[in-house]
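[1] Sequence first, then the predicted structure, then my questions.
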Amino acid sequence: MSTNADPQPPRLHELPASAYHRITSSLRALARNTLFARAVAEQDAPGQVFAYPAESPAVVYVIHDYGMSLLYGSTGLAGVDEQLLAEVVRRPRCAAEWLQVAPAVWAERLREPAVERYTRVNFRFSPQAYAACRPSPAAAGVRIVRADRSAFAMPGSVVPRLFWRDAERFLATGGGFGAIVDGELASLAFVSFVGDAALEIGIETLPHHRGRGLARLACAALIDECLARGREPVWACRLENTASHRLAESLGFTAAHHFPYFRLPSTAC
């Protein structure tokens with residue numbers, strides 16, 4: 001009888017925050033918008049980082065607390081990548097998770113019946129197109145103001161408190177602009193993620209103020225500030241999110257890249 005212990009199957013190891021630097025260069029090298037994953041790796045936003053092997057990651061899995069994730073890399077070992085992918089898909093989660101993968105071979109391997117496939121769109125910004133379609137100044141009764149601490153607590157599903165650790169970091173590193181109507185913050189365009197020379201835009205409009213063009217006005221103020229600071233405004237959304245897609249196009253963005261986007265279902269917690 002063999003005295004050797006059975007070899008442990010390959011698995012992803014959660015990295016402590018002090019080890020996040022191990023994935024920085026590989027994450028930056030990906031040819032796509034990975035600002036949400038960088039926000040976790042650079043500790044601007046809460047989340048988790050897993051890797052295999054832990055000391056010298058070949059496969060990395062980053063989860064942002066908002067419910068977005070990224071799986072990238074490859075071991076190059078027959079069967080190992082498939083086992084790691086299965087671990088990601090079957091991992092317990094209390095809410096649905098939106099997964100991006102790189103390289104494309106991960107998408108070909110992901111055939112679980114419970115996993116829904118969508119498309120993620122990364123947009124390209126054109127200053128010239130924006131100049132031609134920039135909205136007129138706000139109508140009477142609408143004020144465009146810089147985001148303050150109250151904006152951090154705005155209710156909604158795409159709001160700063162879901163993307164930043166705290167209000168102080170949001171205001172110091174991110175910020176944004178809001179449309180005020182009758183003393184209420186009706187719409188907010190804010191920096192959801194920050195890159196080296198890029199700022200990704202997040203938008204929320206209260207339900208009873210939608211359809212009035214307020215998000216476009218708030219976004220224009222944020223884009224103006226990006227351009228004044230020499231930063232690139234970044235936009236991304238699901239292809240199926242037609243409202244976001246149309247808003248982007250009305251502000252000088254055009255669809256540039258399409259990627260598979262997977263909805264991993266929630267499980268019992």
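    Thanks, I have it.

[2] what is Val181 paired to in the beta sheet?
    In this structure, Val181 bridges to Val142, Glu184 when assessed by DSSP bridges.

[3] correct me, but it touches Val142?
    Yes: using C-beta atoms under 8 Å, Val181 is in contact with Val142, at 5.7 Å. C-beta: built from backbone N, CA, C; applies to glycine.

[4] Mind listing the shared neighbours of these two?
    Leu214 (C-beta atoms under 8 Å, 6 or more residues apart in numbering).

[5] Kindly confirm my reading that Glu168 forms part of a helix.
    Yes: assessed by DSSP: H, G, I helix; E, B strand; the rest coil, Glu168 belongs to a helix.

[6] With Asp148 as the reference, measure out to it.
    Distance of Glu168 to Asp148, computed by C-beta to C-beta, to the nearest Å: 12 Å.

[7] Around Gln83, how many other residues sit close by?
    15 (other C-beta atoms under 10 Å).

[8] Packing partners of the strand or helix carrying it?
    For Gln83, the element it lies in under DSSP states H and E is helix 80-90. The contact analysis (3 or more C-beta pairs under 8 Å, 6 or more residues apart in numbering; DSSP states H and E) places helix 80-90 against strand 59-64, strand 68-73, helix 105-109.

[9] buried stuff in it?
    Residues Val80, Asp81, Leu84, Leu85, Glu87, Val88, Val89 are the ones in helix 80-90 that count as buried (16 or more other C-beta atoms under 10 Å).

[10] same check, this time on stretch 97-106
    Result for stretch 97-106 [16+ other C-beta under 10 Å]: buried residues Glu97, Trp98, Leu99, Gln100, Val101, Ala102, Trp106.
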